[in-house]
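Enquirer: Return a 3D structure for these sequence lines:
(2 chains)
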Amino acid sequence: AQSVTQLGSHVSVSEGALVLLRCNYSSSVPPYLFWYVQYPNQGLQLLLKYTSAATLVKGINGFEAEFKKSETSFHLTKPSAHMSDAAEYFCAVSEDQLDSNYQLIWGAGTKLIIKP
Amino acid sequence: DTAVSQTPKYLVTQMGNDKSIKCEQNLGHDTMYWYKQDSKKFLKIMFSYNNKELIINETVPNRFSPKSPDKAHLNLHINSLELGDSAVYFCASSQTDGGSFFGQGTRLTVV
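Expert: Numbering: from 1, shown residues only, chains lettered A, B, ... in the order given. Model prediction:
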């Protein structure tokens, strides 16, 4: 069965510092992997996705993530944190399926706190 | 144009009432979903639906029922509301690679 683990329910970094949000998954087949961001009182917005092309995926707002099959990881990074990055971040996985009824398996989320 | 829109944004109602939340997507996606997000931000899928198949999360009470008049709409009807139903409900639709677009959410408060 698929599962997604996000290490750390809260991550706090200083403005300008490196952001690293961890995500590990388990999947019996090559997965599709996603990071979503949720700003306060808003819906989820897709940051980036891995769909078996390049292992280093660039997303919006300067974020990127690297798929590492050997480590079953898909950690999210940003070189320099900005105050506007403060939000909840969710990692999700879906398995390749033959029909269009994909379902995402979600991590529990990591709240990113930016210190001035 | 909003890709996935749901209404209302806020809903306050009394226990025992029946309510509906509407969702529409203009992306041409085949699959739509309803999620429940609790106070700890944990996301739980409730239903996924395309024009061929409805998949129900077996943990969802049968007081909850999705209704899809057409491919672009998936409404959520809730009967006999309970205090524990208070949460934020999100509608979403997905591309073929599983990436989903979300609505802004409906914050349901049962009093």
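Enquirer: Could you check how far the spatially most central residue of chain A is from A:Ala54?
Expert: In chain A, the residue lying closest to the centroid (C-alpha atoms, centre = their mean) is A:Trp35, at 3.1 Å. From A:Trp35 across to A:Ala54, the span is 15 Å (C-beta to C-beta, to the nearest Å). C-beta coordinates here come from the backbone N, C-alpha and C atoms, glycine included.
Enquirer: ok, now A:Ala65?
Expert: 11 Å.
Enquirer: for B:Ser94, same thing?
Expert: 22 Å.
Enquirer: More neighbours: which of these two?
Expert: Neighbours were counted for B:Ser94 and for A:Ala54 using other C-beta atoms under 10 Å in any protein chain shown; B:Ser94 has more, 24 against 10.
Enquirer: can I assume that one is in contact with B:Gly28?
Expert: No: B:Ser94 is beyond contact range of B:Gly28, at 11.4 Å (criterion: C-beta atoms under 8 Å).
Enquirer: give me the number of residues near A:Ala17?
Expert: By the criterion of other C-beta under 10 Å, A:Ala17 has 14 neighbours.
Enquirer: hang on, isn't it packed against A:Ser80?
Expert: Yes: here A:Ala17 reaches A:Ser80: they are 7.2 Å apart, a contact under C-beta under 8 Å.
Enquirer: Any residues of chain B in contact with chain A? List them.
Expert: With C-beta under 8 Å from any C-beta of the partner chain as the criterion, chain B meets chain A at residues B:4, B:30-31, B:33, B:41-43, B:45, B:48, B:50, B:52-53, B:55, B:90, B:92, B:94, B:96-105.
Enquirer: helix or strand for the residue lying closest to A:Glu71 once chain neighbours are set aside, which one?
Expert: Counting by C-beta to C-beta, 6 or more residues apart in numbering or on different chains, A:Asn24 is the residue found nearest to A:Glu71 once chain neighbours are left out, at 7.5 Å. According to DSSP states H and E, A:Asn24 maps onto strand A:19-26.
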